[in-house]
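Student: Got a sequence here, can you build the structure:
(one chain, ligands or ions: 1)
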Amino acid sequence: MATRVIVQLPGKSDYTVRIGSGILSELGHDLRAIEGLANRTDVLLVTDTNVGPLYQAHVQEALTQAGFAVSSVEVPAGESTKSIEVASEMWSALAQLSFGRDCLVVALGGGVVGDLAGFVASTYMRGVPVVQVPTTLLAMVDSSVGGKTAVNLPEGKNLVGTFFQPAFVCADVDTLDTLPEREWRCGCAEVAKSAAIDSDDFFFWLCDHASLLAKRETATTVEAIKRCVVFKADVVARDETESAGVRECLNFGHTMGHAIETAAGFGTFSHGAAVAEGMRFACDLARESGSDTSIELVEAIGRLLDDLGLPVLPWRGDPQVLLDAMKHDKKNRKGEVRFVLLHDVGQWEVRPVPEEVLAAQLEQWSAAEPSQQASSEADR
Ligand SMILES: NC(=O)c1ccc[n+]([C@@H]2O[C@H](COP(=O)([O-])OP(=O)(O)OC[C@H]3O[C@@H](n4cnc5c(N)ncnc54)[C@H](O)[C@@H]3O)[C@@H](O)[C@H]2O)c1
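Tutor: Down below sits the predicted model:
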């Protein structure tokens, strides 16, 4: 079972996102069929300490069989690996291997490995191709497509990076069998986000298939990834560098989500749980701040998140702390806190929300008692 989406960006080479079950073993063959990769030999395979023991040998074999000479680097799993220091170690590894501009970087892992390896590839010798082999649901539906690469600074996440599209993306859903539940739900939150911003067709399909996706049913998972990739490819085609006000829609739920992660302490709640709460908050905020968002839409999004295993967060923070976190978010412009607000499924706007409106909504959110059921199902 496999399908593919072609990503077409103005002025850039097209690339393929292949999605399916059992396709990892065909990776070398797939790469040989790509113009610009067909004659390459040297590959640096980058993975992390969780993913490496599970899938590195398999990928290495698939590449070797197709005539690639593979060297590998295993970086520590976790967000702290997305650093300039680790990137520098990888630049040195490439140089010590005497890899030239004709080499290829393959990123095998979640968004951390993808962002890091993409950044290294985009800068080594002014850019060598990168192939993304995402192994988390979040990376398959979001980070492996669209070309954002990054490392973090002590001052903030993703502050240094490039826009650099991959040459190919291979999303083998079999690798998701080993993904921890918490990470699965992070991906589900991004699927819900994409569906709500995209269209009635995607949103109502997801409402009908949410419990199957929560159970990781294969055909549903492949279809959800495909729909997300089609959606993201379209957004990126219209606004690759987030300068035309379109790509910002991907931040739906993230303004409040990031503030929750900061205020509760990073890692207290999963990114997905925080973003899900952020989407609920943004829906309420839209209604309170004069948008024509219907109560039916707010309830439908709430039910969808429940069905995906992303219940109301059993935590309420100090409104002032959350507001301060939002004001310091790097995505702000001129100190304004900007929100993606939904009018309806597929109809959104990004606009600054006046501080007094936001403060009032935060007070209301903070005073609301999360339900008993939500507390017991918390995704910590
Ligand atoms: N470039 C973009 O457009 C973009 C978009 C969204 C997020 N991101 C970035 O992505 C990162 C988050 O990505 P993520 O959620 O994939 O996190 P991650 O890469 O940290 O992976 C989550 C955890 O799952 C483990 N893991 C990965 N695949 C596994 C598998 N198949 N089986 C078992 N364990 C596995 C990892 O080792 C890690 O411990 C953040 O750094 C974020 O900034 C980038």
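
Student: Quick check: residues of the stretch 101-250 of the chain near the ligand?
Tutor: Residues of the stretch 101-250 of the chain lying close to the ligand (Cβ under 6 Å from any ligand atom) are 109-113, 115, 135-136, 138-139, 142-143, 146, 148, 157-158, 175-176, 178-179, 183, 186. (Each C-beta comes from the backbone N, C-alpha and C, glycine too.)

Student: contacting residues for the closest residue to the ligand within the stretch 201-350 of the chain?
Tutor: Relative to the ligand, the nearest point of the stretch 201-350 of the chain is residue 271 (6.5 Å; Cβ to the nearest ligand atom). The contact partners of residue 271, taken as Cβ atoms under 8 Å, 6 or more residues apart in numbering, are 138, 186, 189, 257, 261.

Student: Ramachandran angles for residue 350?
Tutor: The phi and psi values for residue 350, taken as degrees, to the nearest 10, are phi -110, psi 120.

Student: tell me which residues in the helix ranked longest in the chain are buried?
Tutor: Looking across the chain with DSSP state H, the single longest helix is helix 218-238. For helix 218-238, burial by neighbour count (16 or more other Cβ atoms under 10 Å) applies to 220-233, 235-236.

Student: State the mean pLDDT of it.
Tutor: Confidence over helix 218-238, taken as the mean pLDDT, stands at 98.

Student: Would you pull up how far the helix or strand following that helix lies from the middle of the chain?
Tutor: Counting by DSSP states H and E, the next helix or strand C-terminal to helix 218-238 is helix 254-264. Here helix 254-264 shows a centroid-to-chain-centroid distance of 16 Å under the convention Cα atoms, centre = their mean, to the nearest Å.

Student: ok, which stretches of the protein are strands?
Tutor: With strands called from DSSP state E, the chain shows them at 2-7, 15-20, 42-48, 69-75, 104-109, 130-134, 148-153, 156-163, 168-172, 338-344, 347-352.

Student: and the angle for the fifth one with strand 69-75?
Tutor: Going back to what we said before, that points to strand 104-109. Angle of strand 104-109 versus strand 69-75, following axes from the mean of the first three to the mean of the last three Cα atoms, to 10 degrees, is 40 degrees.

Student: In its sheet, which strands sit next to strand 104-109, and in what direction?
Tutor: Taking DSSP bridges as the criterion, strand 104-109 forms sheet pairs with strand 42-48 (parallel), strand 130-134 (parallel).

Student: Not counting its own residues, what contacts it?
Tutor: So strand 104-109 is contacted by 31, 37, 40, 42-48, 50-52, 55-56, 59, 63, 68, 113-114, 116-118, 120-121, 124, 128-136, 139, 144, 167 (Cβ under 8 Å, 6+ apart).

Student: before we move on, what about stretch 334-347?
Tutor: Stretch 334-347 has contacts (Cβ under 8 Å, 6+ apart) with 195-200, 203-204, 248-249, 251-255, 282-283, 285-286, 289, 291-294, 297, 301, 323, 326-327, 329, 331-332, 348-353, 355, 358.

Student: What's the mean pLDDT across it?
Tutor: 92.

Student: what comes up buried for it?
Tutor: Applying a neighbour-count criterion of 16+ other Cβ under 10 Å, one finds 337, 338, 339, 340, 341, 342, 345 buried in stretch 334-347.

Student: Domain boundaries for this protein, per the record?
Tutor: Here the domain parsing of the chain from automatic domain parsing is 2-178, 181-376.

Student: Lowest average confidence across those, which one?
Tutor: It's domain 181-376: among the domains of the chain, that one has the lowest mean pLDDT, namely a mean of 93.

Student: That one: how far from the chain's middle?
Tutor: Mean-position distance between domain 181-376 and its chain equals 13 Å (Cα atoms, centre = their mean).

Student: could we number from 173 for the rest of this?
Tutor: In the new numbering, first residue 173, that becomes domain 353-548.

Student: which one in this protein is furthest away from the centre?
Tutor: Relative to the centre of the chain, the most outlying C-alpha is that of residue 270, 32.5 Å out, by Cα atoms, centre = their mean.

Student: Neighbour-wise, which one of the contacts of residue 443 leads?
Tutor: Using other Cβ atoms under 10 Å as the neighbour test, those are led by residue 361, with 31 neighbours.

Student: Please name the nearest non-neighbouring residue to it.
Tutor: What sits nearest to residue 361 in space, not counting adjacent residues and going by Cβ to Cβ, 6 or more residues apart in numbering, is residue 444, at 3.6 Å.

Student: Now do the same contact list for that neighbour.
Tutor: By Cβ under 8 Å, 6+ apart, the neighbours of residue 444 are 310, 354, 357, 358, 359, 360, 361, 362, 482, 551.
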